[in-house]
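sequence and predicted structure, then a few things I'm wondering about:
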There are 2 protein chains.
Amino acid sequence: MSKNNPPALEDLIGRLSRLPGLGRKTATRLALFFLRQPGEDVQGLARALLEVKNKIRFCSLCHNFTDRDPCSRCSDPHRDQGVICVVETPADLLAIDSAGLFSGLYHVLGGVLAPLAGVGPDDLKIDELLKRVEAGDAERRPLIREVLLATGSSPEGESTAVYLSARLRERGVTVTRLARGLPSGVDLEYVDSATLKQSFEYRREF
Amino acid sequence: MSKNNPPALEDLIGRLSRLPGLGRKTATRLALFFLRQPGEDVQGLARALLEVKNKIRFCSLCHNFTDRDPCSRCSDPHRDQGVICVVETPADLLAIDSAGLFSGLYHVLGGVLAPLAGVGPDDLKIDELLKRVEAGDAERRPLIREVLLATGSSPEGESTAVYLSARLRERGVTVTRLARGLPSGVDLEYVDSATLKQSFEYRREF
């Protein structure tokens, strides 16, 4: 943009245009929108940004974002404590949760296995998942009866599911996989909820 | 989204999804992006938002956003002080300025005449424009020799230009209009700079 812009405006436009999915034009429009907005709205947004960074942590059980540990989902007694749905990212978790398809527990891997990109099992929350599956009740009876692998249908998502199912079956738990109702090669968070629902209905033993 | 989201996250998503052009999904992606970003980047954005609201005012001459009055463009001696380019909005000004097509002064109307929407001459910075045109030097010779009407080619933009040209010609100033190289019915800020350049080259007396 122009070097004649006030530095404060130029700084804001620059920061906004570095956000994912925003180009320079959209960033400029947003910055001018903020200039027209009431001061309290902009202050509210600035405060919300800081709050999110100050308050949000990772849940020590499911590794999703939370403001308390364990998170509200992990500590919800109405959720089925015997099933864990394994997802790649928090965004995938939100996509499933907002479609209201699943009432068990979650586990966020933090990505997928991608050897070419240098992402191995130790880079994901896999050991943490295995520990959750191994944990038993007072009589050492297993608490988790099913692990539903809800990684994407991309090659990396598939091979991560294959890897996980081998490690999980050793521990005697039933491993299921989202049905191939998923269109191929997409990230889970972009799937519409009807397709997502189908894939939940048709899940099968892996 | 889910009532299970931490309130701080939910608040941020809600505020982001109220921004122009952002839906709930994009807002959620942005919020999760902020969670992954280094704290200083998010703090920097929050600070930039507050700075913009604290520091940016309107220039008393051209009525564009500025952090000092008169703004850097109005007080730039290298700009041609004899030509004023009249635009609807600050975004239009930025579109022209970033294309490097014009080195005179600007005047931001703050909109267009739209009788059906209740926007009359008193709602725009028209009297302020006429005063700038009437101002003379020490010997009362006019300082402004040309006013270039760069309102959009929408019906409102056209009729605003017609209205302004009548008021301006009474004051003996040359009035020009961007050439009809502009595609019809668009807002000026969306025009690509090649078309914008053509319309500057082909401007004619109005």
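Yep, that arrived.

list the contacts for A:Ala150?
The neighbours of A:Ala150, taking CB atoms under 8 Å, 6 or more residues apart in numbering or on different chains as the test, are A:85-87, A:92, A:96, A:178, A:188. C-beta: built from backbone N, CA, C; applies to glycine.

quick one, which of those residues are buried?
Buried residues within the contacts of A:Ala150, counting neighbours by 16 or more other CB atoms under 10 Å in any protein chain shown: A:85-87, A:92, A:96, A:178, A:188.

now, which of those residues sits nearest chain B?
Each of the buried ones among the contacts of A:Ala150 was checked against chain B using CB to the nearest CB; the closest is A:Ile96, at 9.6 Å.

can you say which helix or strand has the closest one in it?
Assigned by DSSP states H and E, A:Ile96 falls within helix A:90-98.

for chain A, longest helix please?
Counting residues, the longest helix in chain A under DSSP state H turns out to be helix A:39-55.

now that one and helix B:39-55, what's the angle there?
Angle, helix A:39-55 to helix B:39-55, by axes from the mean of the first three to the mean of the last three CA atoms, to 10 degrees: 170 degrees.

ok, back up a step: quick one: is the helix holding A:Ile96 near chain B?
Yes. Counting by CB under 8 Å from any CB of the partner chain, chain B has neighbours in helix A:90-98: A:90-91, A:94, A:97-98.

show me the strands in chain A, by range?
Counting by DSSP state E, chain A has these strands, from start to end: A:57-58, A:65-66, A:80-87, A:104-108, A:146-149, A:174-177, A:204-205.

tell me which of those sits nearest to A:Val42.
strand A:65-66 (24.4 Å; CB to CB).

so which elements touch the closest one?
Under the contact criterion of 3 or more CB pairs under 8 Å, 6 or more residues apart in numbering or on different chains; DSSP states H and E, the helices and strands touching strand A:65-66 comprise strand A:57-58.

give the pairing partners of the strand it packs on; include direction for each.
Strand A:57-58 has the following strand partners under DSSP bridges: strand A:65-66 (antiparallel).

ok now the partner strand, how far from the chain's centre?
Mean-position distance between strand A:65-66 and its chain equals 10 Å (CA atoms, centre = their mean, to the nearest Å).

give the contact list for the residue nearest to the spatial centre of chain A.
For chain A, A:Pro90 is the residue whose C-alpha lies nearest the centre (CA atoms, centre = their mean; 1.6 Å). Contact criterion CB under 8 Å, 6+ apart gives A:64-65, A:108, B:32, B:35 as the residues in contact with A:Pro90.

which one of those residues is nearest to A:Phe200?
Ranking these by separation from A:Phe200, with CB to CB as the measure, puts A:Val108 on top at 17.9 Å.

show me the contacts for the closest one.
Neighbouring residues of A:Val108 by CB under 8 Å, 6+ apart: A:62-64, A:87-90, A:92-93, A:125.

list the contacts for the nearest residue to A:Gly152 once chain neighbours are set aside?
In space, and not counting its chain neighbours, A:Gly152 is closest to A:Leu188: 4.8 Å by CB to CB, 6 or more residues apart in numbering or on different chains. Shown in contact with A:Leu188 (CB under 8 Å, 6+ apart): A:87-88, A:92, A:95-96, A:150-152, A:157, A:182, A:196.

please apply the same query to A:Ile56.
A:65-67, B:6, B:8-9, B:35.

for it, give its distance to A:Ala117.
The span separating A:Ile56 from A:Ala117 equals 26 Å under the rule CB to CB, to the nearest Å.

okay, domains of chain A per the record?
When chain A is parsed into structural domains using automatic domain parsing, the resulting residue ranges are A:7-55, A:73-205.
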